[in-house]
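Visitor: Here is a sequence with its predicted model. Questions after.
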Amino acid sequence: MNKQYLMGLALAGCMPLALAGDNSPAYTQCMDKASSTVAMSGCIQAETKLQDERLNRVYKHLMGRLDAGQQKRLREVQRQWIGYRDANCRFHVQASGGTLAQLEGGMCVLDMTRERAAELERVLSPGQ
């Protein structure tokens with residue numbers, strides 16, 4: 001086995017279990033201190049970046065474990081999922097309206113990204 005593959009598997013196994021379906025402690029602390037929608041939006045953006053990095057990391061590890069046909073299918077599904085996430089969250093913004101619309105849209109992207117990362121983690125490491 002190549003060294004990078006083993007390092008990737010080791011990193012995937014070391015991901016904190018708390019992140020599997022939850023937001024980071026830093027996000028919780030940020031939201032607890034946020035006293036405005038602008039501050040809350042900043043917390044959401046920072047956590048979304050963290051969860052997106054997590055999703056990309058897991059996606060790359062998973063791609064490294066799949067054969068060429070499976071990689072192609074995962075790539076197609078991931079592109080479709082991104083399109084769905086973005087369209088769904090735009091709908092949330094439009095449906096919410098008002099001053100909280102942007103927060104609703106941001107939360108939608110955050111929640112869906114976090115859940116997709118957790119889903120791919122379960123595929124990468126079934127039974128954990």
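Guide: Arrived safely, thanks for sending.
Visitor: Okay, Ser35 and Cys43: tell me how far apart.
Guide: Separation of Ser35 from Cys43 (Cβ to Cβ, to the nearest Å) stands at 11 Å. To be clear about C-beta, it is placed using only N, CA and C from the backbone, and glycine gets the same treatment.
Visitor: ignore the last one, Cys30
Guide: 4 Å.
Visitor: Which one's more surrounded, those two?
Guide: Cys43 (22 against 18; other Cβ atoms under 10 Å).
Visitor: List the contacts of the more buried one.
Guide: Going by Cβ atoms under 8 Å, 6 or more residues apart in numbering, Cys43 touches Tyr27, Cys30, Met31, Ala34.
Visitor: where does this structure have low pLDDT?
Guide: 1-21, 127-128 (pLDDT under 70).
Visitor: Run through the helices of it in chain order.
Guide: 3-14, 25-33, 37-65, 68-96, 101-124 (DSSP state H).
Visitor: most neighbours per residue, which of those helices?
Guide: helix 101-124 (a mean of 19; mean count of other Cβ atoms under 10 Å).
Visitor: Between helix 25-33 and it, find me the angle.
Guide: 160 degrees (axes from the mean of the first three to the mean of the last three Cα atoms, to 10 degrees).
Visitor: and helix 101-124, how far out from the chain's middle?
Guide: Taking the mean of its C-alpha atoms, helix 101-124 sits 5 Å from the chain's own mean (Cα atoms, centre = their mean, to the nearest Å).
Visitor: Stretch 36-43 now?
Guide: Distance, stretch centre to chain centre, for stretch 36-43: 19 Å (Cα atoms, centre = their mean).
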